[in-house]
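*Asks:* can you look at this prediction? I've put the sequence above it.
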Amino acid sequence: MNSKTMSILLLVLTLSCSAYSVAKAQLLRPQDVLKLPSSPADHKIQYGDEPLQFGELRLPKTGGPHPVAVVIHGGCWITKFADLQIMAAMSEALTRAGVATWNVEYRRVDSPGGGWPGSFLDIANAVDHLRKLAKPYHLDLKRVVVIGHSAGGHLALWAAARHRLPKTSPLFKPDPLRALAVINLAGPGDLKRMLPTQQRVCGDVPITKLVGGSPDEVSERYRDASPAEMLPLGVEQILITGAKDGAVPPALGKEYEEEARRKGDKVRMTVVEEAGHFEVIAPGTSAWKFVEEAALTSLKFSRPGKVK
């Protein structure tokens, strides 16, 4: 190979690497989402006595009763990665579209009382707390969706599935509030399938800590904690993810979708081109229109004040 050919190859390689770096840099990062504008919530409300047992309620300007979206943030089930502020911009966008949003905080695996069973019970109690909020804030509990991102997507699916828990489960609560649909944004539906990559994605083993052991050690807990093992959920499930999501690859969502359909559930998946892990929670991105449409359609709601 002569020097001219070698120079051309090196130039092509350099340009290719530069193009890859630019494309990769264009994907949103958590700090980009946190910079999106949002106003303070209308109300900060405790649903329990612990410091992390609270939610932020945003209300539409139109008269109620308002449809409601329960919003659950992700962050690898670990406190250092995210809190409910990362979902503030999307919560505000949904509220502007006419939907009350209940953006909830919860204890994670590194929080006192978090992990098994505390993290799950926090989500259950936060969702059920809507019953206490319905009258004073004019909420329509017949029109509720649960929306979660990443680890929060797993918890959103679980929240919609918990009516299937046996009474012997530590996670069981009688008469759980039922949602019309659950919208999983780039979250795992099968905890076991995420185990091999949890260290790479999270720099830790949060799923193992969340459930309290491996599937061999606590198999019954995975049956109560992993939505894939609780199928059929008996509720509409909408999965939205980015084609370039390296944290929870679309292939995992596709596997879950196929299994849920095989078990008889109504489920659909949308893979958004040129989107990564965080575009799905950022209003204004190409992915956002799919998220907003999914929420409004599930609630049979088009625009503020106009119910179909």
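*Replies:* All right, it came through fine. What you see is a predicted model; the values in this text were computed from it and never measured.
*Asks:* remind me which residues of the stretch 101-250 of the chain are low pLDDT?
*Replies:* By pLDDT under 70, the stretch 101-250 of the chain contains no weakly predicted segment.
*Asks:* quick one: the strands in it, in order.
*Replies:* 139-149, 181-185, 236-242 (DSSP state E, counting those that start in this stretch).
*Asks:* so for residue 161, which of the ones you listed sits nearest?
*Replies:* Among these, the nearest to residue 161 by CB to CB is strand 181-185 (8.3 Å). Every residue, glycine included, has its C-beta placed from N, CA and C.
*Asks:* packing partners for that closest one?
*Replies:* Strand 181-185 sits against strand 139-149, helix 151-161, strand 236-242, helix 288-298, with contacts defined as 3 or more CB pairs under 8 Å, 6 or more residues apart in numbering; DSSP states H and E.
*Asks:* show me how far the shortest one is from its chain's centre.
*Replies:* Okay, so that is strand 236-242. Its chain's C-alpha centre and that of strand 236-242 lie 10 Å apart, by CA atoms, centre = their mean, to the nearest Å.
*Asks:* and the contacts of the following helix or strand past it?
*Replies:* Moving toward the C-terminus from strand 236-242, the next helix or strand (DSSP states H and E) is helix 250-262. For helix 250-262, contacts defined as CB atoms under 8 Å, 6 or more residues apart in numbering pick out 184, 186, 188-190, 193-194, 227-228, 231-233, 237, 239, 241-243, 267-269, 271.
*Asks:* show me where this protein has helices.
*Replies:* Applying DSSP state H to the chain gives helices spanning 3-25, 30-34, 88-96, 118-128, 130-137, 151-161, 191-194, 198-202, 206-211, 219-225, 250-262, 288-298.
*Asks:* format these as JSON lines; extra columns: distance to residue 281.
*Replies:* Listed next are those as JSON lines, based on distance: least, CB to CB, whole Å:
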{"stretch": "helix 3-25", "distance to residue 281": "19"}
{"stretch": "helix 30-34", "distance to residue 281": "6"}
{"stretch": "helix 88-96", "distance to residue 281": "5"}
{"stretch": "helix 118-128", "distance to residue 281": "18"}
{"stretch": "helix 130-137", "distance to residue 281": "21"}
{"stretch": "helix 151-161", "distance to residue 281": "9"}
{"stretch": "helix 191-194", "distance to residue 281": "19"}
{"stretch": "helix 198-202", "distance to residue 281": "17"}
{"stretch": "helix 206-211", "distance to residue 281": "19"}
{"stretch": "helix 219-225", "distance to residue 281": "23"}
{"stretch": "helix 250-262", "distance to residue 281": "16"}
{"stretch": "helix 288-298", "distance to residue 281": "8"}
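*Asks:* and those as CSV, adding mean neighbour count and distance to residue 70?
*Replies:* Below are those laid out as CSV (neighbours: other CB atoms under 10 Å; distance: least, CB to CB, whole Å):
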stretch, mean neighbour count, distance to residue 70
helix 3-25, 10, 33
helix 30-34, 15, 19
helix 88-96, 23, 10
helix 118-128, 23, 6
helix 130-137, 15, 7
helix 151-161, 29, 7
helix 191-194, 19, 21
helix 198-202, 16, 24
helix 206-211, 24, 19
helix 219-225, 19, 19
helix 250-262, 18, 20
helix 288-298, 19, 11
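*Asks:* which of the ones you listed sits closest to residue 106?
*Replies:* Nearest of the helices of the chain (CB to CB): helix 118-128, 3.8 Å.
*Asks:* what angle sits between that closest one and helix 151-161?
*Replies:* Relative orientation of helix 118-128 versus helix 151-161 (axes from the mean of the first three to the mean of the last three CA atoms, to 10 degrees): 60 degrees.
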